[in-house]
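**Student:** Sequence plus predicted model, see below.
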Amino acid sequence: MTTVTIQEAQATLSDLIHRLGSGEEVLITENDRPVARLVWTPAPPVPKPRQLGTLKGVVLSMAPDFDAPLEDFKEYME
């Protein structure tokens, strides 16, 4: 693990970030006390595109009055 001061980190931040790709960690110190740690994080995985029809056949039965108006809302339908 590489240790640098805040001043060094400010001067060479882009170089420090590019070094992280190889798995190295960088510890940033101030007055010989650790204050931050830079670590490499992998990019999030790219989600697969959605595929139509994946739930086809899942609904096996539906009530015959599924789309009939509800009694509770009859007064609003008039």
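**Tutor:** Here it is on my side, so go on.
**Student:** where does the residue positioned nearest the centre of the chain land in three-state SS?
**Tutor:** In the chain, the residue lying closest to the centroid (Cα atoms, centre = their mean) is Pro44, at 6.6 Å. For Pro44, the assignment made with DSSP: H, G, I helix; E, B strand; the rest coil gives coil.
**Student:** what's the answer for Arg37, then?
**Tutor:** Three-state assignment for Arg37 (three-state DSSP): strand.
**Student:** okay, now the spatially closest residue to it that is not a sequence neighbour: neighbour count?
**Tutor:** Distance criterion Cβ to Cβ, 6 or more residues apart in numbering; nearest residue to Arg37, sequence neighbours excluded, is Leu27 at 5.4 Å. In this view, the C-beta of every residue, glycine as well, is placed from N, C-alpha and C. By other Cβ atoms under 10 Å, 15 other residues sit near Leu27.
**Student:** With Ala36 instead?
**Tutor:** 11.
**Student:** Low-confidence ranges, this protein, go.
**Tutor:** Nowhere does the chain drop to pLDDT under 70.
**Student:** can you do 80?
**Tutor:** Within the chain, the ranges that satisfy pLDDT under 80 run 21-23, 59-60, 77-78.
**Student:** Could you point out the longest helix of it?
**Tutor:** Across the chain, the longest stretch assigned as helix under DSSP state H is helix 13-20.
**Student:** on that earlier part again, the residue nearest to Arg37 should be in a helix, yeah?
**Tutor:** No - according to three-state DSSP, the state of Leu27 is strand, so it is not within a helix.
**Student:** right, and it touches Arg33 too?
**Tutor:** No - the criterion here is Cβ atoms under 8 Å, and Leu27 misses it with Arg33 at 10.5 Å.
**Student:** who touches the closest residue to Glu25 other than its chain neighbours in this structure?
**Tutor:** The spatial neighbour of Glu25 that comes closest, neighbours along the chain excluded (Cβ to Cβ, 6+ apart), is Met1 at 4.7 Å. Going by Cβ atoms under 8 Å, 6 or more residues apart in numbering, Met1 touches 24-27.
**Student:** And Met1, how far from Gln7?
**Tutor:** Going from Met1 to Gln7 by Cβ to Cβ, to the nearest Å gives 19 Å.
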